[in-house]
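# need the 3D shape of this:
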Amino acid sequence: MSCAVARTFVVALLTGLFVAGYPRMGFTAASAAHLESQNEAVGRISMTLGQAHIFRPDGSHRSARSGDPVWVGDRIETAAGGHVHIRFVDDALVSVRPASRLVIEDYQYDSSQVHQSLVRFRLDIGVARSISGAAAEGARERFRLNTPLAVIGVRGTDFVVRADAQQTQAVVNQGAITLGLTGIQGLLQGIQNEVCSHAVAHPPANDSPGKDIDHEGDVEPALPR
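This is a model prediction of the structure:
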């Protein structure tokens, strides 16, 4: 794992014992049945560009369109050149970038009990940007974004992550993230909102540098606050 810093950053490496507090939560058939009982949308698509689709746990799917609701269990898939922006019920913002697949595994938010919020995303492949809303800000330890290799937590954050089967890269625009993988946990704590330009998690045998997640060959539309 490496972290290139703009000015000042603190990097703490802890053992696998710390990782045990950050379990990966897979989406199973049992959880799918639970999701179907939740009929309230957890967010709405605020913008789309290019081709993108939303897949439901029952196998049905539809084209992603601005204004459409999203529910727990939805899988957002974008084609090359496709973008989907989602605003969640707590004002969190997520951008799914081209050639990506993101699953909303869980999203529980109650403005009267913010500390009990729970947010779980899974980025199978591609690039996504997440800007924390009230749920992640009020219950930071209950936010997770899982990738095939890593578990990402937040500390009041705006970050971008690229993931595939070989590597996970994260760029922190504001705040801090925790990046956990097998046997190690990295805590990237920004001082005065400094920028950690590249935090990388990959298997020891993989020496490929990976792609720069700041330069994807296309321009992402601005995410409004």
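
# and the residue nearest to residue 169 when sequence neighbours are not counted, how many neighbours does it have?
Using Cβ to Cβ, 6 or more residues apart in numbering and skipping residues adjacent in sequence, the residue nearest residue 169 is residue 162, 4.6 Å away. For glycine as for every other residue, the C-beta is placed from the backbone atoms N, C-alpha and C. Neighbours of residue 162 under the rule other Cβ atoms under 10 Å: 24.

# for residue 162, give the beta-bridge partners.
Note on residue 162: beta-bridge partners residue 127, residue 169, judged by DSSP bridges.

# just residue 70 next, same as before
residue 43.

# next one: it relative to residue 102, how far apart?
Counting by Cβ to Cβ, to the nearest Å, the gap from residue 70 to residue 102 is 10 Å.

# neighbour count winner among these two?
Neighbour totals were compared for residue 70 and residue 102, and residue 102 leads with 27 against 21 (other Cβ under 10 Å).

# tell me the confidence at that one?
For residue 102, the pLDDT comes out at 98.

# wait, it touches residue 85, no?
No. Contact criterion Cβ atoms under 8 Å: residue 102 and residue 85 do not qualify, at 11.8 Å.

# got any residues that touch both of those two?
Shared contacts of residue 102 and residue 85 (Cβ atoms under 8 Å, 6 or more residues apart in numbering): 94, 96.
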